[in-house]
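Asks: Dropping the sequence and predicted coords here.
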Amino acid sequence: MEPFSTSLTSIGPKKNKRIIPQDNSFMRIPDLIKTKVPEGLKNLYGFDISPNALIINLTRKEFEGDYTVVTFPFAKQARKSPGDVAEALGEYLIANTEEFVSYNVIKGFLNLSVGTSYWPDFLKRVLENDSFGYHDDNGRKALVEFSSPNTNKPLHLGHIRNILLGWSTSKILKAAGYDVVKTQIINDRGIAICKSMLAWQEFGAGATPESTGTKSDHFVGHWYVQFEKHFKAEYGEWQGSDAAKKVLAEKDVKEENVESFWSKYKNEYFNTHSGLGAKAKQMLLDWEAGKEETRNLWKKMNQWVYDGFEVTYKNLGVEFDSLYYESNTYLLGKDIIEDGLSKDIFYKKDDNSVWIDLEKDKLDHKLVLRSDGTSVYMTQDIGTARKRYEDTGADTMIYVVADEQNHHFKVLFKILERMGEPYAKSCHHLSYGMVNLPHGRMKSREGTVVDADDLMADVIGVATKNSEEVGTVLDLPKEDQEKIFEQIGLAALKFFIIKVNPKKSMIFNPEESVDMQGQTGPYVQNAGVRCRGILRKLGEYDGNEALKLETVHDAEKETLRLIHSYPEIIADAAKDLDPSHVANYCYSLAKSYHKFFNSGLSVIRAESEAAKAFRGDLTQATLQILESGMDLLGIEIPERM
RNA sequence: GGCCCCGUAGCUCAACUGGAUAGAGCAGCUGACUUCUAAUCAGCAGGUUACAGGUUCGAGUCCUGUCGGGGUCACCA
């Protein structure tokens, strides 16, 4: 048995001697159409159109042709029927390009067929360029904020959707030509972490993650839960007290409403009568005053959380370029408000609170400084945005945050605009829908929150079980097997989440998330692994033979056209900030290759040297694009599976 | 209640941003492994795109209304 690392990483011939055409005029079909159709319209009818206004589709498989141009939009200006325009354009393209060899017209649809010789040439271009599909630097810098957890409890399924969206959006923007900075703001201060701190101090008896053998962020989360438990007990007991009876009498609560009244009163109880509440609040005040003992406790517990997060992030395969801590940024923005006050962007009320009037933009008045002069969330966000601009020079800022904050970001961006911030118009809220379970929302009270670490362990567990049943990698060393199981399990999870359009809320069915058949991550991986297997067996071949190819079969054409459209997929995904485009694309490409594989067209036993070389190139290119596309989603394709 | 988002096959999702006969997967049923990996493929079945109008060559997509679901309306984050 050969060692894993050497036997599996060689995937066949990488760079054979090839005839590389010397001209620089190579254009992919969409670009060719965008050049030649406006030119044709100008020559034929004498009017100009914007190339971007063209509608170019892959020809549906029930019709003859490869690419379809829709001519309805030009009919009026040309003063001809859409069919006539299509005919004339078809003639023009045949006469004035090498690539198109025939056409047909159905109503206003011009179906164009690309000549066979185009494809082997095209594949060579793909294989020569490892980053085929990527776009040139556009000179812009985008800052992407995602994850942004609180430090009082571990990450859960909601964070996973956020993180996967943020990560892949960052990758996609990079591929689309942006310089990208990945960042997060860590919400490390506030009443929540104080609750964990207090509970640990009061009831923890010196326990540590080490002493209890608990992952350190879960350890801190445990004490947060303990706080809630003790608080609830305290509250329940209090409800029988004279003070409680007095409250009921004052508020004139009827007998049958007592229970629901108490559940709504909880927050007020925390702020008024609760002993634990008072202690937690005192802790927050001590923290703000910089009391050393409190700060040390805070540092200790936060460090536990960070150590835990680091493991989760690493397992998920993500990392950040920079971090912002709320404890450093929560005072930012106040100066900016003062400044804006003098410029009449904001106004002050009699009680000294500061507001902005957004009624002209069909929004409300929004508070930006409390009457006691302290800041609110919005104030911080204003300050942090400017700081980030100063720190990084990013002219585009993308906030990956759940859609419950749609309104907040609408207001934030409008305020930044009013302030004349140079990046204001390029701020985007990548808003995504809630992740629900088959039986409804995740609720911490009902213990239905799906923990991130548990979830990853589960999917890897299922992948391991499946893989051992299939038995195809049992000959490999144990650690290589484990690596593969991990790759497969995470692929299932990540793909399941990322294939859904971000703005839609999604239902997360744990059973379906570990499916490995059909429209899933492992299905796509399997196509790539299949390519690797074929290339391994194929060995050396003469790449130049491919240029002598005489026919391209339908089963090959589908895969070719998909590879061909990869650059547009990246551009669209970047424009829409929507990684699901890439996921669905990868699935289509994998599907088309599987189909080709089963079509009876053999690579290794091809009918001619030309076909063999061509299919070898096709297989290599498919693998290259699958790896590239899945990489944008944070998914790896294993060597074997 | 005001504002915002969503509603597509039994279930989970697509539909190139207004283009051709709305496509996949899962679940169900039939077939294909001595063949380049069956985590695959081929096929059957499944739809009044919530409903009613409108806009135009053309509507799941845009507009209006109705019904259903979610979010949000804090000197919280």
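Replies: Okay, I see it. Numbers count the residues shown, from 1 in each chain, chains lettered A, B, ... in the order given.
Asks: C-alpha only now, for contacts and for neighbours.
Replies: OK.
Asks: most distant residue from the middle of chain A?
Replies: Distance from the centre of chain A peaks at A:Asp242, with 53.8 Å (C-alpha atoms, centre = their mean).
Asks: OK, contacts around it?
Replies: Applying C-alpha atoms under 8 Å, 6 or more residues apart in numbering to A:Asp242 gives no contacts.
Asks: What distance do you get for it to RNA strand B?
Replies: Separation of A:Asp242 from RNA strand B (C-alpha to the nearest atom of the strand, to the nearest Å) stands at 27 Å.
Asks: Figure out the helix or strand that A:Asn57 lives in.
Replies: strand A:56-58 (DSSP states H and E).
Asks: who touches that strand?
Replies: A:Pro30, A:Asp66, A:Tyr67, A:Thr68, A:Val69, A:Val70, A:Arg561.
Asks: Repeat that for stretch A:501-512.
Replies: Contacts for stretch A:501-512 (C-alpha under 8 Å, 6+ apart): A:165, A:403, A:431-438, A:497, A:500, A:578-581.
Asks: Check whether that stretch comes near RNA strand B.
Replies: Yes. Residues of stretch A:501-512 contacting RNA strand B under C-alpha under 7 Å from any atom of the strand: A:Asn501, A:Pro502, A:Lys503, A:Lys504, A:Ser505, A:Met506, A:Ile507, A:Phe508, A:Glu512.
Asks: quick revisit: and the contacts of stretch A:501-512, which of them are in strands?
Replies: When the contacts of stretch A:501-512 are checked against strands (DSSP state E), the matches are A:Ser431, A:Tyr432, A:Val435, A:Asn436.
Asks: I'd like to know how many residues surround the first one.
Replies: Okay, so that is A:Ser431. 22 (other C-alpha atoms under 10 Å).
Asks: Test my guess that it contacts A:Ile398.
Replies: No. Contact criterion C-alpha atoms under 8 Å: A:Ser431 and A:Ile398 do not qualify, at 9.8 Å.
Asks: near RNA strand B too, which of the contacts of stretch A:501-512?
Replies: Applying C-alpha under 7 Å from any atom of the strand to the contacts of stretch A:501-512, those adjacent to RNA strand B are A:Asp403, A:Met434, A:Val500, A:Ser580, A:His581.
Asks: wait, which of the residues you listed is closest to RNA strand B?
Replies: A:Val500 (3.7 Å; C-alpha to the nearest atom of the strand).
Asks: From A:Gly393, how far out is the closest one?
Replies: 32 Å (C-alpha to C-alpha, to the nearest Å).
Asks: What segments of the stretch 401-550 of chain A are helices?
Replies: Assigned by DSSP state H, counting those that start in this stretch, the stretch 401-550 of chain A shows helices spanning A:406-418, A:452-470, A:478-498, A:510-513, A:521-538.
Asks: which residues sit against the last one?
Replies: When contacts are defined by C-alpha under 8 Å, 6+ apart, helix A:521-538 is touched by residues A:10-13, A:488-489, A:491-496, A:516-517, A:586-587, A:590-591, A:593-594, A:603-604, A:616, A:619-620, A:622-623, A:626-627, A:636-641.
Asks: Could you tell me which residues of the stretch 351-500 of chain A lie near RNA strand B?
Replies: So the stretch 351-500 of chain A meets RNA strand B at A:351, A:353, A:367, A:369-372, A:375-377, A:403-408, A:434, A:463, A:466-467, A:470, A:472, A:488, A:499-500 (C-alpha under 7 Å from any atom of the strand).
Asks: Can I have the buried ones of those residues as a PyMOL selection?
Replies: Here is the PyMOL selection string for the buried members of those, based on 16 or more other C-alpha atoms under 10 Å:
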select buried, chain A and resi 353+367+369+375+376+403+434+463+466+467+488+499+500
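Asks: since we're on A:Pro209, how many residues are nearby?
Replies: 14.
Asks: Please report phi then psi for it.
Replies: phi -60, psi -40 (degrees, to the nearest 10).
Asks: wait, isn't it in contact with A:Ser216?
Replies: Yes. Counting by C-alpha under 8 Å, A:Pro209 does reach A:Ser216; the two are 5.1 Å apart.
Asks: hey, what's in contact with both of the two?
Replies: Joint contacts of A:Pro209 and A:Ser216 (C-alpha under 8 Å, 6+ apart) are A:Trp304.
Asks: Please report how far A:Leu363 lies from A:Tyr178.
Replies: In terms of C-alpha to C-alpha, A:Leu363 sits 32 Å off from A:Tyr178.
Asks: hang on, I meant A:Asn52
Replies: Distance from A:Asn52 to A:Tyr178, by C-alpha to C-alpha: 21 Å.
Asks: out of these two, which sits in the more crowded spot?
Replies: A:Tyr178 (22 against 8).
Asks: show me what contacts the more buried one?
Replies: So A:Tyr178 contacts A:Asp137, A:Asn138, A:Gly139, A:Arg140, A:Lys141, A:Ala142 (C-alpha under 8 Å, 6+ apart).
Asks: Just the CA atoms of the helix or strand containing the last one, as PDB, please.
Replies: A:Ala142 belongs to strand A:141-145 when assigned by DSSP H and E. Taking C-alpha atoms only, strand A:141-145 is exported to PDB below (Å, rounded to 0.1, in the frame of the first residue of the first chain):
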ATOM      1  CA  LYS A 141     -11.700  46.900  -0.400                       C
ATOM      2  CA  ALA A 142     -14.500  45.200   1.400                       C
ATOM      3  CA  LEU A 143     -14.800  44.700   5.100                       C
ATOM      4  CA  VAL A 144     -17.000  41.700   6.000                       C
ATOM      5  CA  GLU A 145     -18.300  41.400   9.600                       C
END
